[in-house]
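*Asks:* Structure of the sequence below:
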Amino acid sequence: MLTDRQEMILRAIVRDYTNNGVPVGSKALVEQLPVHVSSATIRNEMAVLESVDLIRKTHSSSGRIPSMRGYRYYVDHLVRPDVVKDNDVDLIKTSLGGDFQKIDEIVAQSATILSDLTSYTTFTLKPELKNSRLSGFRLVPLGNRQVMAILVTDNGDVENQTFSVTHNVTSEQLEAVVRIINDQLVGLPLEDVVEKLKLQIPAEVTRYMQKPEGFLRIFGDVLTRASQERFYVGGRMNVLDFSEQTDIDTLRSIYSLMDHTDDIAEVLGEPSNQIQVKIGDEISNSDLLKNYSLITATYDVDAHGKGIIALLGPTRMPYSKMIGLIGAFRNELASKLIEYYRHFDE
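*Replies:* Residues are numbered from 1 along each chain as shown. This is a model prediction of the structure:
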């Protein structure tokens, strides 16, 4: 357990180093601490902090920098989220104030806005879809045997896919199949729709089509896209600005991670009411992100579920500023989405 003075010194070291990137010495701390302490006393306290692996000495300087354990202690016990500047809040509101047509557009834009504000790489996950229900399904003839399948969910998501039909499939047959889907599947949760599509619907559709597999596969593809979790990434190139990695293979692996939904889902974890900070090896089972920190926050859209926003940056990030910023951002994003859903429900 640290004393109040040791915590004061550790807090000052973390904040000074994350702001300036320069190892912190005792003389600098004399000027920063809110109480008068001699340089010799500070050096003694720094020796204690070093002995318990909360700070460490660099090879190039007599100053100290936080260790991974030191960052963890700081985030768990000492961090004080900064108050977000009014102009940053105004920028967030203005950026989210556009005329969006889909939830995906808002969530995707939010990743870009957050990356611009932080200069880090950001991730946004749209509100969870496990409670989404099928609202409607239709087929639109496009000519030349081309048909567009359109699927709508009750949260406003619209998915479509164009496919070709063979000459032996008539428009009357297609209309009959659409009626089956709308009569038996509309109003059901998407996971139940998927289950019925496997077990019950094929037998129904064969009454109108001898070989319905192709059509059902198209419907299944559109349904899968509507029900899957969807991540958006902002500031992909920012990794190059703050990464300490110079190994091309490592950077390539990080970029590959951003492109795989399942891997990103594992990294971000489950929604939580608390803003969470993962540091170094805490982020994933591999050491790929050992020199990074990940801050995640959940935004709540009432009955429409919860989504996640996150930013990936170096361990030497200004945690107070970033935690304050991501807290304000999630509140504005939630308000925007609630407003969108209210308009959609009307």
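
*Asks:* host element of A310?
*Replies:* With the criterion set as DSSP states H and E, the secondary-structure element containing A310 is strand 306-314.

*Asks:* who does the helix or strand following that strand touch, helix- and strand-wise?
*Replies:* Once the chain leaves strand 306-314, the next helix or strand it forms, by DSSP H and E, is helix 319-345. With contacts taken as 3 or more CB pairs under 8 Å, 6 or more residues apart in numbering; DSSP states H and E, helix 319-345 sits against helix 4-20, helix 86-95, helix 103-118, strand 292-300, strand 306-314. Every residue, glycine included, has its C-beta placed from N, CA and C.

*Asks:* repeat that for 7 Å
*Replies:* Counting contacts by 3 or more CB pairs under 7 Å, 6 or more residues apart in numbering; DSSP states H and E, helix 319-345 is packed against helix 86-95, helix 103-118, strand 292-300, strand 306-314.

*Asks:* what about the helices in the protein?
*Replies:* Listed in chain order, the helices found in the chain under DSSP state H are 4-20, 26-32, 39-51, 68-73, 86-95, 103-118, 171-185, 190-199, 201-205, 213-227, 238-242, 248-258, 261-268, 319-345.

*Asks:* can I get the ones you listed in JSON lines with mean pLDDT and mean neighbour count?
*Replies:* Formatted as JSON lines, the entries for the helices of the chain read as follows, by pLDDT from 0 to 100; neighbours: other CB atoms under 10 Å:
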{"stretch": "helix 4-20", "mean pLDDT": "94", "mean neighbour count": "19"}
{"stretch": "helix 26-32", "mean pLDDT": "89", "mean neighbour count": "15"}
{"stretch": "helix 39-51", "mean pLDDT": "94", "mean neighbour count": "15"}
{"stretch": "helix 68-73", "mean pLDDT": "96", "mean neighbour count": "20"}
{"stretch": "helix 86-95", "mean pLDDT": "91", "mean neighbour count": "13"}
{"stretch": "helix 103-118", "mean pLDDT": "91", "mean neighbour count": "20"}
{"stretch": "helix 171-185", "mean pLDDT": "86", "mean neighbour count": "16"}
{"stretch": "helix 190-199", "mean pLDDT": "81", "mean neighbour count": "16"}
{"stretch": "helix 201-205", "mean pLDDT": "80", "mean neighbour count": "16"}
{"stretch": "helix 213-227", "mean pLDDT": "74", "mean neighbour count": "17"}
{"stretch": "helix 238-242", "mean pLDDT": "86", "mean neighbour count": "16"}
{"stretch": "helix 248-258", "mean pLDDT": "85", "mean neighbour count": "13"}
{"stretch": "helix 261-268", "mean pLDDT": "79", "mean neighbour count": "16"}
{"stretch": "helix 319-345", "mean pLDDT": "88", "mean neighbour count": "19"}
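
*Asks:* out of the helices and strands packed on helix 319-345, nearest to V277?
*Replies:* When the helices and strands packed on helix 319-345 are compared for distance to V277 using CB to CB, the nearest one is strand 292-300, at 5.3 Å.

*Asks:* which ones are touching S95?
*Replies:* Contacts here follow CB atoms under 7 Å, 6 or more residues apart in numbering; on that basis S95 touches I113.

*Asks:* How about V301?
*Replies:* Neighbour list for V301: 127, 307, 334, 337-338, 341 [criterion: CB under 7 Å, 6+ apart].
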